[in-house]
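Colleague: What follows is a predicted structure for the sequence shown.
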Amino acid sequence: MNLENIPTIKGATHPTKRLGRGEGSGHGKTSGKGHKGQKARSGGGIRVGFEGGQMPLYRKLPRRGFNNKNFKVSYQLVNVGQLEKLEGNVVDRESLIKAGLVRDNKQDIKLLGDGEVSKAFTVKVCKVSETAKSKIEAAGGQIEASEAPAEEKEEA
């Protein structure tokens, strides 16, 4: 089963609620909003966490603890099976961008070991997993000194 041929299930989709189309529709007059009040108005409603002007709980509580999000290093992942799309036998940032395997941004690149390698590649990326390293070396390729991570390049 593919996305193209998923069967439609009876009752899975509903017709849109047509508001303000007369009393006979069941959604006429106030269009399901009740009578008057802030939530009945156009653009009305209160934001999440609003407590009627009282100091909200999220502002009363202290902010404590460490969050690692600012220091997390994320990589663009490439499997060795995808290296067949490259022209030539050098695997570096420019060749991967040209082949459309990674985006041209500041994230570093990590080579993973899923797939098979048929030709000898010279790898010059930031990180290489152990399985990818063994597969590339078994195919006669080599892993040269990797590039400095993107954060270190900016500081230098």
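Modeller: Cool, the structure landed. Numbering: from 1, shown residues only.

Colleague: quick one: contacts for residue 112?
Modeller: Applying C-beta atoms under 8 Å, 6 or more residues apart in numbering, we find residue 112 in contact with 77, 78, 79, 80, 129, 131, 132. Any C-beta I mention is one placed from the backbone N, CA and C, and that applies to glycine too.

Colleague: Which residue ranges of the protein form helices?
Modeller: Applying DSSP state H to the chain gives helices spanning 57-60, 93-98, 130-138, 150-155.

Colleague: Tell me the helices and strands packed up against the longest one.
Modeller: By that I understand helix 130-138. If you count contacts as 3 or more C-beta pairs under 8 Å, 6 or more residues apart in numbering; DSSP states H and E, helix 130-138 packs onto strand 108-112, strand 142-143.

Colleague: Burial-wise, tell me which of the ones you listed comes out on top.
Modeller: strand 108-112 (a mean of 21; mean count of other C-beta atoms under 10 Å).

Colleague: what lines up beside that one in the sheet?
Modeller: Each strand paired with strand 108-112, and its direction, by DSSP bridges: strand 75-79 (parallel), strand 127-128 (parallel).

Colleague: Using CSV, write out the CA atom coordinates for the first one.
Modeller: Output of strand 75-79 as CSV, limited to C-alpha atoms (Å, rounded to 0.1, in the frame of the first residue of the first chain):
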residue,chain,number,x,y,z
TYR,A,75,24.8,16.8,12.2
GLN,A,76,23.5,16.3,8.7
LEU,A,77,23.5,12.6,8.2
VAL,A,78,24.7,10.8,5.0
ASN,A,79,24.8,7.0,4.6
